[in-house]
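# have a look; sequence and predicted model below, questions after that.
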Amino acid sequence: MRLYVKFALMVALFAALASTTGRRMTGALAYEARVAFVFAFGSEADYAALLDDTQRVLAAETGNVELYLAGQRFRQLLADRLADAARRNVPLTDDDVVRIHAECARDAFEWHGPSRRHAAVTTPVTGGPLAQESDARLSRPHPIAQSHQ
């Protein structure tokens, strides 16, 4: 082939790889190669690192990085609490494990229960504003029923 044809092909190849689509495609190809390598030759640590990297990238793509980091904090807190109990030879019942799980989730996700507004809206049986409105609507006759009387 002539030199200028080879040069044109190299420029086209470089342009394709430099574009965002080409970059995405190259990144996907590198990821697939990494997955294949980990499945073929990787250890448990390699597999865990692959899963962690995949979760981090997906969280970054979807805008949920804070949730990903909170999940990481939760897993670390839970592992630390269970390891501490095992180190001190404390037998844990199922209720203890559930309590520890809830405490770690509350600490990691900074969740301290439903707010007053949320509780009033979601629990109408307690007599919140939603229950009062619902009771008022149920005590009135339906407009269609009134027109047929």
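Received it, and whenever you're ready, just let me know what you need. Numbers count the residues shown, from 1 in each chain.
# got the domain ranges for the chain?
For the chain, automatic domain parsing gives the domain ranges 12-114, 115-149.
# between the ones you listed, which has the poorest mean confidence score?
Between the domains of the chain, the one with the least mean pLDDT is domain 115-149; it has a mean of 44.
# and the helices in this structure?
3-18, 20-41, 44-62, 65-87, 94-109, 116-122, 129-139, 143-147 (DSSP state H).
# I'd like the ones you listed as TSV, with mean neighbour count appended.
Yep, even glycine has a C-beta here, placed from its N, CA and C like the rest. Putting these into TSV (neighbours: other CB atoms under 10 Å) gives the following:
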stretch	mean neighbour count
helix 3-18	10
helix 20-41	11
helix 44-62	12
helix 65-87	14
helix 94-109	14
helix 116-122	12
helix 129-139	11
helix 143-147	8
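# I'd like the distance between Ala18 and Val5.
Using CB to CB, to the nearest Å, Ala18 is found at 20 Å from Val5.
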